[in-house]
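A.B. asks: Here's my sequence, what's the structure:
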Amino acid sequence: MMPVTRLYSAAQTRQLDQCAIEQYHIPGYELMCRAGKAVFDLARQSYPLAKKYLVICGAGNNAGDGYVVAHLAVEAGLSVELVSLVDTQKLSGDAKTACQQWLSMGHQQRPFSRERLDEAELIIDALLGTGLQRDVTGEWAALIEQINQSDKPVIAVDIPSGICADTGRVRGAAIRADYTLSFIGLNKGLFTGQALDYRGELSFDDLQIPPAVYEQVEHDGELLQWDSLLNQLRPRPLDSHKGNNGHVLVIGGDYGTVGAVRLAAEAALRSGAGLVTVLTRAEHITAIVAGRPEIMVQGIKLHQSIHSYLQRASVIIIGPGLGQGDWGRCLLSQVLESHLPKVLDADALNLLAAETNHQDKDWVLTPHPAEAARLLATSTQDCQQNRYAAVSLLQQQYGGVALLKGAGSLIQADHTPAYVCPYGNPGMATAGMGDVLSGIIASLIAQGLDNVFATRLAVALHGKAGDMAAENGQRGLIASDLFMPIRSLLNT
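C.D. replies: Predicted coordinates:
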């Protein structure tokens, strides 16, 4: 069975398929029949009362899977309408075999009509597969739009039609599926960006190909797995004291943005740091200490040296509420001279974007898409179009660990696959969430974890805590709601 954490590009998935066929002598048509049966079984399980299926087919193996589903549904006594947008004479290989079997049994395929869509109780999307190379336009886009507007339940075969398997972006138009059943290899595009809004509930079937196949093909990504990450944390020694658990130095909080450093500092404490010091504007000391007396706070003036504080720290967070004025710029320049591990967020990233050729193997950069765009001198849209490429380029240009936040956050370190976070929810799209994440990352580094593992664990913890905090609803979720779940999860 495939390791369920591995993510593949479309090309790599095709290599898995070919390896199973050529080296292990599993006929391609047999794999197609297994895929079709898996989709039909999912349909019966998820929609047992549906009696009228509309199967939408295009070309290629994705269409072949659709023909198999249609055949199985008819055999089960269901009413099936099969619609194809291509001339069946243009089909080839296993898809042609599946189509010929469908036609040879006396079944028909018909042109699409709104009436057939209205009568359907379940739609099987076998229109476009993972090999999509261009934007969906014309009658294909019009058909997809009508399906989406119909509100009929949809099961997508392998991937929702119109979604790019490698990036997760919508190519012109895409099916909004209720379920997606993916085969042989999980496509990396299904786990980040726009795809999360289109895939519905995702299932996977390896079609019983030998486990050895997966050892012969490289993979581009890995899913973070909370249980596996947590199991690598060791219990604290019984004679621990606060000095054993690291000292996090949080720098930021210019006028009007003191809340950002306050959130980062408490997140560091809640995730296990022994000591946390905040360097901020002197006017903010009372507010921070009154709200959380466990945080140490020092006021810092423009051009004041922070060397003595750097000497006592284990790790630095800089950026939350830092601002882009002279005060923030002066603090960042001192931090960049330090050899301590660093977590850069918010305005520290915006200031860094103005630097030239600055690299550091000891830092973790945590941009959201707009900040990533500034660092890469491109647009936010370009970053979101291919999030995998963006996080890889960030790491190559700046070194260290790059974390591209957002739906399906991505973590890229040197010479490793990109790691993708499957946790979190839209309720976390609110102010301060990034500050909390920075605090967790720095805290775990302070406690002795390396930057790469600390970032992976922190991102998973942050997402899991957000999901726990959202159990009473996503609307109204705020960043500080994560503090108690963070503590609970780390002590599971």
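
A.B. asks: what about the strands in the stretch 1-150 of the chain?
C.D. replies: According to DSSP state E, counting those that start in this stretch, the stretch 1-150 of the chain carries its strands in the segments 6-7, 52-57, 79-84, 122-126.

A.B. asks: Quick one: mean pLDDT over the shortest one.
C.D. replies: If I follow you right, that is strand 6-7. In this model, strand 6-7 has an average pLDDT of 96.

A.B. asks: Gly473: neighbour count?
C.D. replies: Applying other CB atoms under 10 Å, we find 9 residues neighbouring Gly473. The C-beta positions use only the backbone N, C-alpha and C, and glycine is treated the same way.

A.B. asks: contacting residues around it?
C.D. replies: The contact partners of Gly473, by CB atoms under 8 Å, 6 or more residues apart in numbering, come to Gly427.

A.B. asks: any idea how far it is from Leu263?
C.D. replies: To Leu263, Gly473 is 21 Å away according to CB to CB, to the nearest Å.

A.B. asks: Over to Leu132?
C.D. replies: 41 Å.

A.B. asks: out of these two, which sits in the busier spot?
C.D. replies: Neighbours around Leu132 and Leu263, counted as other CB under 10 Å, are more numerous at Leu263. The numbers are 28 against 23.

A.B. asks: Identify the residue spatially nearest to the more buried one, adjacent ones excluded.
C.D. replies: Nearest non-adjacent residue to Leu263, counting by CB to CB, 6 or more residues apart in numbering: Asp435, 4.1 Å away.

A.B. asks: show me what contacts Gly400?
C.D. replies: 359-365, 413, 451.

A.B. asks: now the helices for the stretch 351-492 of the chain?
C.D. replies: Secondary structure of the stretch 351-492 of the chain, counting by DSSP state H, counting those that start in this stretch: helices at 369-376, 380-385, 387-398, 433-446, 451-469, 483-490.

A.B. asks: actually the stretch 51-200 of the chain, not the one I typed
C.D. replies: 60-75, 93-104, 114-119, 138-150.

A.B. asks: Where does pLDDT dip in the stretch 201-350 of the chain?
C.D. replies: Applying pLDDT under 70 to the stretch 201-350 of the chain flags no residue at all.

A.B. asks: which stretches of it form strands?
C.D. replies: Using DSSP E, counting those that start in this stretch, strands in the stretch 201-350 of the chain cover 201-205, 221-223, 247-251, 275-280, 296-299, 315-318, 342-344.

A.B. asks: Give the pairing partners of the fifth one; include direction for each.
C.D. replies: When you say that, I think you mean strand 296-299. Looking at strand 296-299 with DSSP bridges, its partner strands are strand 275-280 (parallel).

A.B. asks: Then the first one?
C.D. replies: Paired strands of strand 201-205, with direction, are strand 179-183 (parallel) (DSSP bridges).

A.B. asks: which residues touch the partner strand?
C.D. replies: For strand 179-183, the surrounding residues in contact (CB under 8 Å, 6+ apart) are 31, 35, 38-39, 42, 46, 154-160, 190, 199-207.

A.B. asks: how near is the residue nearest to Leu263 to Arg281?
C.D. replies: Asp435 sits 16 Å away from Arg281 when distances are taken as CB to CB.

A.B. asks: so what's Phe483 closest to, chain neighbours aside?
C.D. replies: With sequence-adjacent residues excluded and distances taken as CB to CB, 6+ apart, Phe483 is closest to Arg270, at 4.7 Å.

A.B. asks: didn't that neighbour look like it was pressed against Asp481?
C.D. replies: No - counting by CB atoms under 8 Å, Arg270 does not reach Asp481; the two are 11.8 Å apart.

A.B. asks: Quick check on these two: which one has the bigger neighbour count.
C.D. replies: More crowded of Arg270 and Asp481, by other CB under 10 Å: Arg270, with 23 against 20.

A.B. asks: quick one, what contacts the closest residue to Tyr47 other than its chain neighbours?
C.D. replies: Leaving aside its chain neighbours, Tyr47 sits nearest to Leu122 (5.1 Å; criterion: CB to CB, 6+ apart). When contacts are counted by CB under 8 Å, 6+ apart, Leu122 is found next to 43, 47, 50, 52-54, 152-155.

A.B. asks: go on, Gln12?
C.D. replies: Going by CB under 8 Å, 6+ apart, Gln12 touches 185, 217-220.

A.B. asks: now, which of these lie within helices?
C.D. replies: Counting by DSSP state H, no part of those is found in helices.

A.B. asks: now these: which count as buried?
C.D. replies: 185, 217, 219-220 (16 or more other CB atoms under 10 Å).

A.B. asks: now these in JSON lines, with distance to Asp347?
C.D. replies: Shown next, in JSON lines, are the buried ones among the contacts of Gln12 (distance: CB to CB, whole Å):
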{"residue": "Gly185", "distance to Asp347": "40"}
{"residue": "Val217", "distance to Asp347": "42"}
{"residue": "His219", "distance to Asp347": "36"}
{"residue": "Asp220", "distance to Asp347": "32"}
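
A.B. asks: Is Gly323 in contact with Asp254, as I believe?
C.D. replies: Yes - using CB under 8 Å, Gly323 makes contact with Asp254 at a distance of 3.5 Å.

A.B. asks: Compare Asp435 and Arg281 and say which one has the larger neighbour count.
C.D. replies: Between Asp435 and Arg281, counting by other CB under 10 Å, Asp435 is the more crowded of the two (28 against 20).

A.B. asks: From the contacts of Leu122, pick the one nearest Gln109.
C.D. replies: For the contacts of Leu122, the minimum distance to Gln109 (CB to CB) is 11.4 Å, reached by Leu54.

A.B. asks: Distance to His307 added to the contacts of Gln12, as CSV?
C.D. replies: Output for those, formatted as CSV (distance: CB to CB, whole Å):
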residue, distance to His307
Gly185, 51
Val217, 51
Glu218, 46
His219, 45
Asp220, 43
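
A.B. asks: Find the centremost residue of the protein, please.
C.D. replies: Gly408 (1.8 Å; CA atoms, centre = their mean).

A.B. asks: Ala372 versus that one, what's the distance?
C.D. replies: Distance from Gly408 to Ala372, by CB to CB: 14 Å.

A.B. asks: who touches Gly64 in this structure?
C.D. replies: For Gly64, the contact set (CB under 8 Å, 6+ apart) comprises 32, 36, 91, 93-99.

A.B. asks: among those, who's most crowded?
C.D. replies: Busiest of these [other CB under 10 Å] is Ala95, holding 28 neighbours.

A.B. asks: Residue ranges of each domain in the chain, please.
C.D. replies: Recorded structural domains for the chain (assignment: automatic domain parsing) are 6-220, 226-490.

A.B. asks: Show me which residues of stretch 424-441 are buried.
C.D. replies: Residues of stretch 424-441 classed as buried: 424, 427-428, 432-441 (neighbour count, 16+ other CB under 10 Å).

A.B. asks: And those residues, which is closest to Asn386?
C.D. replies: Nearest to Asn386 among those, counting by CB to CB, is Gly424 at 20.4 Å.

A.B. asks: That closest one contacts Gly463, doesn't it?
C.D. replies: Yes - in this structure Gly424 lies within contact range of Gly463 using CB under 8 Å: 3.6 Å.
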